[in-house]
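S.K.: any chance you can model this:
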Amino acid sequence: MAVAESASPLLRINAVTKRFGGFVAVNNVSVDIRPGERFGLIGPNGSGKTTLINCISGAFRTEAGTVMFRGDDISRLPAHMRTRRGIARSFQIPRPFRSMTVAENLLVALDFTSLHGFASAVQRRDIVMSILMRTGLALKADVPTGNLSQVELRKMELARAMATHPKLLISDEAMAGLAGSEVDEVLDLLMKLASEDITIIMIEHIMQAVMRFSERVMCLDAGKIIAIGTPAEVMANKRVQEAYLGT
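M.R.: Numbering: from 1, shown residues only. Predicted structure coming up:
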C-alpha cells in the first residue's frame, strides 16, 4: 500500500542512543515510520538492529533520545504498557507455552492486553479463531504447540502478536532458517497483515524477502544509520555493500 508522504509518523525515533557500559550499541538514530508503512531493517550481526527494536518495544531504556508513538512520548513506559498502546513484536526464536494449544497461547496474549477483558468465553474464542483464520492456522487451533512445524511456529508467533491488536508489528527474523517455500508463506502472511493497515517493521537477513516486502529499508552498521531509502537505493549503496554484503 502506498503511503502518503504527508502522513504524520506513527513512530518517531529521535536521536536514540543505547549504551552497554562503554559500548554504544545504538548511536544517535533518528527515523520516522509512517502509518501503514512496510519498513525493512537490515544490517550485519552486531549492527544494533535488535537493540533498536528493544528500545522501541520497551525491553531496553535509552540513555538519550525519545521514542514517540502516535504522538505520545513512550520513552519511559515499560514494555507491557507499550504493548497495550499498540506495539507488538514477534521473536526470531518462538517461545510458546508448550503445555498449551495454539488457541490457548493466543488467549493469553488476548487477555494480557485487556482489550477484550469483558468479552465472554465464546466471544474470546471467536476473536482467536478469526486471527488463526487470517494467519492460516485455524485447523491447528486445538493442537499443542509442541506438535507444530517450524513454519507453523513462526506463524503462531505472528498470530500471538496479532492477538494484542497492534498498530505497529515488529517482525524479528520470522523467516530465519526456513526453506524457500516456507519463506514465501511467512512473507505472504506479512504482506496480508500489512494490507490490513498494520504498520510493520521487518528485521530480516534474507535479502529477497526484504526487497519484496519493504517500501523503505534502513541499514545499520555499528549502531549508526548508513543508508535509508527504497530497497533498490539501499542495495546499490556502496557502504551497505561493504558493511552488509561484504563486497
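S.K.: does Cys19 fall in a helix, a strand, or a coil region?
M.R.: Residue 19: Arg, not Cys. Secondary structure assignment for Arg19 (DSSP: H, G, I helix; E, B strand; the rest coil): strand.
S.K.: quick one: it and Thr51 touch, right?
M.R.: No - the criterion here is Cβ atoms under 8 Å, and Arg19 misses it with Thr51 at 9.9 Å. Bear in mind the C-beta positions are built from the backbone N, C-alpha and C, glycine included.
S.K.: overlap in contacts of those two?
M.R.: Here Arg19 and Thr51 have Ala25 as joint contacts, going by Cβ atoms under 8 Å, 6 or more residues apart in numbering.
S.K.: so between those two, which is more surrounded?
M.R.: Between Arg19 and Thr51, counted using other Cβ atoms under 10 Å, the more crowded position is Thr51 (23 against 15).
S.K.: so where do the strands sit in the chain?
M.R.: 11-20, 23-33, 38-42, 64-69, 72-73, 87-90, 168-172, 199-203, 216-221, 224-229 (DSSP state E).
S.K.: can you put those strands in TSV and add mean pLDDT and distance to Arg239?
M.R.: Output for the strands of the chain, formatted as TSV (pLDDT from 0 to 100; distance: least, Cβ to Cβ, whole Å):
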stretch	mean pLDDT	distance to Arg239
strand 11-20	97	20
strand 23-33	97	15
strand 38-42	97	12
strand 64-69	97	23
strand 72-73	96	32
strand 87-90	94	28
strand 168-172	95	24
strand 199-203	97	19
strand 216-221	96	7
strand 224-229	96	5
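S.K.: need those in a markdown table (columns: distance to Thr101).
M.R.: Shown next, in a markdown table, are those (distance: least, Cβ to Cβ, whole Å):
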| stretch | distance to Thr101 |
| --- | --- |
| strand 11-20 | 33 |
| strand 23-33 | 34 |
| strand 38-42 | 31 |
| strand 64-69 | 32 |
| strand 72-73 | 36 |
| strand 87-90 | 19 |
| strand 168-172 | 23 |
| strand 199-203 | 26 |
| strand 216-221 | 37 |
| strand 224-229 | 42 |
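S.K.: okay, helices next: where are they in this protein?
M.R.: For the chain, applying DSSP state H gives helices covering 49-57, 79-85, 102-113, 121-134, 150-162, 180-194, 207-213, 231-235, 238-240.
S.K.: lowest average pLDDT across the ones you listed?
M.R.: If you rank the helices of the chain by mean pLDDT, helix 102-113 sits at the bottom with a mean of 89.
S.K.: so which elements touch that helix?
M.R.: Counting contacts by 3 or more Cβ pairs under 8 Å, 6 or more residues apart in numbering; DSSP states H and E, helix 102-113 packs against helix 79-85, helix 121-134, helix 150-162.
S.K.: hey, C-alpha coordinates of that helix in CSV?
M.R.: These are the backbone C-alpha positions of helix 102-113, laid out as CSV (Å, rounded to 0.1, in the frame of the first residue of the first chain):
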residue,chain,number,x,y,z
VAL,A,102,-2.3,-22.8,19.8
ALA,A,103,-5.6,-21.2,20.7
GLU,A,104,-4.7,-21.1,24.4
ASN,A,105,-1.4,-19.3,23.5
LEU,A,106,-3.4,-16.6,21.7
LEU,A,107,-5.9,-16.3,24.6
VAL,A,108,-3.0,-15.5,27.0
ALA,A,109,-1.9,-12.6,24.7
LEU,A,110,-5.6,-11.5,24.2
ASP,A,111,-6.1,-11.4,28.0
PHE,A,112,-2.8,-9.6,28.6
THR,A,113,-3.8,-6.5,26.7
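S.K.: any idea how far that helix is from the chain center?
M.R.: Put simply, helix 102-113 sits 18 Å off its chain's centre (Cα atoms, centre = their mean, to the nearest Å).
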